[in-house]
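Peer 1: sequence? don't have it. structure:
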């Protein structure tokens, strides 16, 4: 499901995704908008296995901290992965802090409402664990494979861990 306002794309969710359309009003109008048209065009290119060379207009809503995490996600190169710790270190450096919690970063990554386009599927655990994808680990794996990411060191954690 895609959702947009007059500024840009507000959400992109898989059916059954954790936090599915959580912040959307119950009142919705089904219509085509420029932001939705661009998002659909981006997705059509992406799902053919190519890297789109543009971003549709985005309008994610969240705290300043979450926004800063999502900005970093947008800079993760297609087909590459980074860890929650990598993002925490980038944020700490940007804010002039000695360190920052990778768990706090994980919370922000997990609450990204514009799946795929803001590529939270490219974030993995420090040990290579494919943890924490609100759309489901199976979709995270398929997206990384579609991007031809190096999956050699990545693994699905055992049940009972951060799935």
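Peer 2: Here it is on my side, so go on. Bear in mind that the values here come from a model prediction, so they are computed numbers and not experimental data.

Peer 1: residues in contact with the residue lying farthest from the centre of the chain?
Peer 2: The centre of the chain is farthest from one residue, residue 98, which by CA atoms, centre = their mean lies 25.8 Å away. Neighbour list for residue 98: residue 92 [criterion: CB atoms under 8 Å, 6 or more residues apart in numbering]. Glycine gets a C-beta too; all of them are placed from N, C-alpha and C.

Peer 1: Can I take it that it is in a strand?
Peer 2: No: looking at residue 98 with DSSP: H, G, I helix; E, B strand; the rest coil, it is coil, so not inside a strand.

Peer 1: What about it? Give its phi and psi, please.
Peer 2: phi -70, psi -40 (degrees, to the nearest 10).

Peer 1: Tell me the pLDDT of it.
Peer 2: pLDDT, residue 98: 92.

Peer 1: Could you pull out the buried residues of stretch 79-99?
Peer 2: Going by neighbour count (16 or more other CB atoms under 10 Å), the buried part of stretch 79-99 is 81-91.

Peer 1: Give me the subset of the residues you listed that lies in helices.
Peer 2: Among the buried residues of stretch 79-99, DSSP state H puts 84-91 in helices.
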